[in-house]
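Visitor: Need a 3D model of the following:
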Amino acid sequence: METFGRGCLYIMVGIIVLTIIAMITRSSINIPLIVLIPLLFIAFWAASQKTKSNSGDAGGFGGDDDDDSD
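Guide: Numbers count the residues shown, from 1 in each chain. Down below sits the predicted model:
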């Protein structure tokens, strides 16, 4: 689920950047499907790589508690 959310975030950021570039240049940006589809795969691949690199961190939860010496 985290990979999907991160991939969608990357895609939305890309769309926002393209929109800003189109507004600055006052033009229309047309991206053919033959280019768009690989970009979508690259966005989700990058998101999965980022998720894999963070998978070892439990965020402070679920680890061994060595402080409890009852």
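
Visitor: Let's see the pLDDT reported for Thr51.
Guide: Looking at Thr51, its pLDDT is 75.

Visitor: mind checking the SS state of it?
Guide: Classification of Thr51 using DSSP: H, G, I helix; E, B strand; the rest coil returns helix.

Visitor: how about the helices of this protein, start to end?
Guide: 2-25, 33-54 (DSSP state H).

Visitor: Worst mean pLDDT among those?
Guide: Across those, the lowest-scoring stretch is helix 33-54, with a mean of 88.

Visitor: Just the C-alphas of that helix, formatted as CSV.
Guide: Once non-C-alpha atoms are left out, helix 33-54 reads as follows in CSV (Å, rounded to 0.1, in the frame of the first residue of the first chain):
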residue,chain,number,x,y,z
LEU,A,33,1.3,7.1,-24.8
ILE,A,34,4.5,5.4,-26.0
VAL,A,35,6.4,7.8,-23.7
LEU,A,36,3.8,8.1,-20.9
ILE,A,37,3.4,4.3,-20.1
PRO,A,38,7.2,3.7,-19.4
LEU,A,39,7.2,6.9,-17.2
LEU,A,40,4.4,5.4,-15.1
PHE,A,41,6.3,2.1,-14.7
ILE,A,42,9.5,4.1,-13.8
ALA,A,43,7.5,6.0,-11.1
PHE,A,44,6.2,2.9,-9.5
TRP,A,45,9.5,1.1,-9.8
ALA,A,46,11.2,4.1,-8.0
ALA,A,47,8.6,4.0,-5.3
SER,A,48,9.1,0.3,-4.8
GLN,A,49,12.9,0.8,-4.5
LYS,A,50,12.3,3.5,-1.9
THR,A,51,9.9,1.2,0.0
LYS,A,52,12.4,-1.6,0.0
SER,A,53,15.1,0.6,1.4
ASN,A,54,12.8,1.6,4.3
